[in-house]
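Trainee: okay, here's the prediction I keep looking at, along with the sequence it came from:
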2 protein chains.
Amino acid sequence: MLRLYYLPLCPFSRKVRVALREKNLAAELIEVQPWAAGDEFLNMNPAGEVPVLVDDDLVVCDSQAICEYLEEAYPQTTLLGRSLEQRVETRRLVAWFDSKFGREVTEPLWREKLVKRWKRAGWPSSDALRRGAEAIRFHLAYIDFLYQQRKWLAGDELSMADVVAAAHLSVLDYMDDVPWKSSAGARDWYAKMKSRPSFRPILMDRVAGIKPPDHYDNPDF
Amino acid sequence: MLRLYYLPLCPFSRKVRVALREKNLAAELIEVQPWAAGDEFLNMNPAGEVPVLVDDDLVVCDSQAICEYLEEAYPQTTLLGRSLEQRVETRRLVAWFDSKFGREVTEPLWREKLVKRWKRAGWPSSDALRRGAEAIRFHLAYIDFLYQQRKWLAGDELSMADVVAAAHLSVLDYMDDVPWKSSAGARDWYAKMKSRPSFRPILMDRVAGIKPPDHYDNPDF
């Protein structure tokens, strides 16, 4: 029995939710606001962060550790690839989107606009928003570049690279922060992600007070 | 034949250097200043970051992807553990130190003091330095807490958790930014790390213009 503690508009939670479905694993979802969570949650994850996966009695913290765990505990479907070379390429791109894109785009846009709002921690820094808006164009161009050569970002099969990139972009797209018109290839790839059954549930999440743009949950956009 | 492109005072490069030695793997070391590296380096790693490992013809980018690769390609010695439960705990702490400690301590201290200096990108932000100096005390207390219950941070064997934590702390210690006196347990654990043959070479690195404190490379401190 799998349980996932998550936050709806959190890219790291979305990544695990999509990975679970791509691996055909059903999990009970429990919404948590980690900054307001009590001791019970902090005992599970002293880092005080979502997502946290519980598999029977085993508590697995950190989105990347969860995805590596799922590969090892449920190896029937792989999202990393079978060969060493493919796993190296998938993990390179997972790190690209979780770390580099995360630092250059997700942090300045998502953390400033949404996390600060949730924590009532003040207004977004306009300098951060400007930096994020500039950086996202470079990253969309990189997705374009990859997608010109491959069916999916890390090769000819869908992988964690697609899951991670789409999880981050979906949260930014909810805030209408993705300039899709600048990158036709990135838009085509994301349309393909949006039409996957694994991706539909996360596009149904809504946050009180913020309405996503009309194209947000429409695979033809 | 293994080659590692690295930067001496980079915590992510140090992590891979120590991991290689703990796995008894010899690698040729090539120093790179990624912000000044040319097209040849960017062709290997479009992210423009160190470390990069080259194993014969296979280029492996990102420190975490490199460590997962080393586990899969050279499984004789494991730094993650053998059981699923142990691997979950090791990876939780790897993420703790690379991501949480990285964001709360390494970024504000190392990036402000050293990376800005290397890139000639201005003076450190005093606000960031204050935040980093506060946060490191909390993390040392967490190391204390873990080390009271275990021989090493993730259990009774040395693991990637120790390697990552010590790699970050060693760079901060070079700048004398670790208040060891506040945490006797963390100091004892780090003294044990410093006396490992795998750790000695990184303590020999020196950077022009910055002298580390006297205790820096002394296991008895």
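Mentor: Looks like it came in fine.
Trainee: if I look at the nearest residue to A:Ser183 once chain neighbours are set aside, how far off is chain B?
Mentor: Residue nearest to A:Ser183 in three dimensions, not counting chain neighbours: A:Leu140, with 3.9 Å by CB to CB, 6 or more residues apart in numbering or on different chains. (Each C-beta comes from the backbone N, C-alpha and C, glycine too.) Per CB to the nearest CB, to the nearest Å, A:Leu140 is found 14 Å from chain B.
Trainee: which element follows the strand or helix carrying A:Leu140 toward the C-terminus?
Mentor: A:Leu140 is part of helix A:126-149 when elements are defined by DSSP states H and E. Proceeding N to C from helix A:126-149, the next assigned helix or strand is helix A:160-174, under DSSP H and E.
Trainee: and the angle from that following helix to helix A:126-149?
Mentor: For helix A:160-174 against helix A:126-149, the angle by axes from the mean of the first three to the mean of the last three CA atoms, to 10 degrees is 140 degrees.
Trainee: what degree of burial does A:Val18 show, as a neighbour count?
Mentor: Neighbour count for A:Val18, taken as other CB atoms under 10 Å in any protein chain shown: 24.
Trainee: ok, it - contacts?
Mentor: Counting by CB atoms under 8 Å, 6 or more residues apart in numbering or on different chains, A:Val18 makes contact with A:163, A:166-167, A:196, A:198-199, A:202.
Trainee: how much space separates the most centrally placed residue in chain A from A:Cys10?
Mentor: In chain A, the C-alpha nearest the mean C-alpha coordinate belongs to A:Ala167, at 2.5 Å (CA atoms, centre = their mean). Counting by CB to CB, to the nearest Å, the separation of A:Ala167 from A:Cys10 is 9 Å.
Trainee: before we move on, what about A:Ala27?
Mentor: A:Ala27 is 15 Å from A:Cys10, where distance means CB to CB.
Trainee: about what we covered before: with pLDDT and distance to B:Thr90 as extra columns, can I get the contacts of A:Val18 in a markdown table?
Mentor: A markdown table is the format used below for those (pLDDT from 0 to 100; distance: CB to CB, whole Å):
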| residue | pLDDT | distance to B:Thr90 |
| --- | --- | --- |
| A:Val163 | 98 | 23 |
| A:Ala166 | 98 | 28 |
| A:Ala167 | 98 | 24 |
| A:Arg196 | 97 | 32 |
| A:Ser198 | 97 | 28 |
| A:Phe199 | 97 | 31 |
| A:Ile202 | 96 | 29 |
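Trainee: farthest residue from the center of chain A?
Mentor: Most remote from the centre of chain A, using CA atoms, centre = their mean: A:Asp39, at 26.4 Å.
Trainee: which phi and psi does that residue have?
Mentor: When quoted as degrees, to the nearest 10, the phi and psi of A:Asp39 stand at phi -60, psi -30.
Trainee: got it, and A:Ser99?
Mentor: Torsion angles, degrees, to the nearest 10, at A:Ser99: phi -100, psi -60.
Trainee: who's in contact with it?
Mentor: The neighbours of A:Ser99, taking CB under 8 Å, 6+ apart as the test, are B:Asp62.
Trainee: got it, and A:Leu84?
Mentor: By CB under 8 Å, 6+ apart, the contact list for A:Leu84 reads B:58, B:69, B:72-73.
Trainee: go through these and name the one nearest A:Ala47.
Mentor: For these, the residue nearest A:Ala47 by CB to CB is B:Tyr69; the value is 25.1 Å.
Trainee: what residues does chain A put near chain B?
Mentor: Residues of chain A found near chain B (CB under 8 Å from any CB of the partner chain) are A:46-47, A:49, A:58-62, A:64-65, A:68-69, A:72-73, A:84-85, A:87-88, A:91-92, A:94-96, A:99-100, A:142.
Trainee: for ChimeraX, what selects the buried ones among those residues?
Mentor: Buried residues within those, by 16 or more other CB atoms under 10 Å in any protein chain shown, are selected in ChimeraX with:
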select /A:47,49,59,60,61,62,64,65,68,69,73,87,88,91,92,94,95,96,99,100,142
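Trainee: so which of the residues of chain A next to chain B are in strands?
Mentor: By the criterion of DSSP state E, membership of the residues of chain A next to chain B in strands covers A:58-61.
Trainee: mind putting those residues into JSON lines with distance to A:Ala19 and pLDDT?
Mentor: Below are these laid out as JSON lines (distance: CB to CB, whole Å; pLDDT from 0 to 100):
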{"residue": "A:Leu58", "distance to A:Ala19": "17", "pLDDT": "98"}
{"residue": "A:Val59", "distance to A:Ala19": "17", "pLDDT": "98"}
{"residue": "A:Val60", "distance to A:Ala19": "12", "pLDDT": "98"}
{"residue": "A:Cys61", "distance to A:Ala19": "15", "pLDDT": "98"}
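Trainee: re earlier: check which helices and strands the helix holding A:Leu140 sits against.
Mentor: Applying 3 or more CB pairs under 8 Å, 6 or more residues apart in numbering or on different chains; DSSP states H and E, one finds that helix A:126-149 contacts helix A:184-194.
Trainee: contacting residues for the residue nearest to A:Val59 when sequence neighbours are not counted?
Mentor: Counting by CB to CB, 6+ apart, the nearest residue to A:Val59 once its immediate chain neighbours are dropped is A:Met44, at 5.1 Å. By CB under 8 Å, 6+ apart, A:Met44 lies in contact with A:5, A:52, A:54, A:59, A:61.
Trainee: just checking, the second one touches A:Ser63?
Mentor: No. In terms of CB atoms under 8 Å, A:Val52 does not count as a neighbour of A:Ser63; the distance is 9.5 Å.
Trainee: so chain A: which segments form each domain?
Mentor: A:2-73, A:84-203 (automatic domain parsing).
Trainee: distance from the chain centre to the helix-or-strand element of chain A with minimal mean pLDDT, please.
Mentor: Counting by mean pLDDT, DSSP states H and E, the weakest-scoring helix or strand in chain A turns out to be helix A:116-118, with a mean of 87. Between the centre of helix A:116-118 and the centre of its chain there are 19 Å (CA atoms, centre = their mean, to the nearest Å).
Trainee: list the buried ones in that helix?
Mentor: By neighbour count on 16+ other CB under 10 Å, the buried set for helix A:116-118 is A:Lys116.
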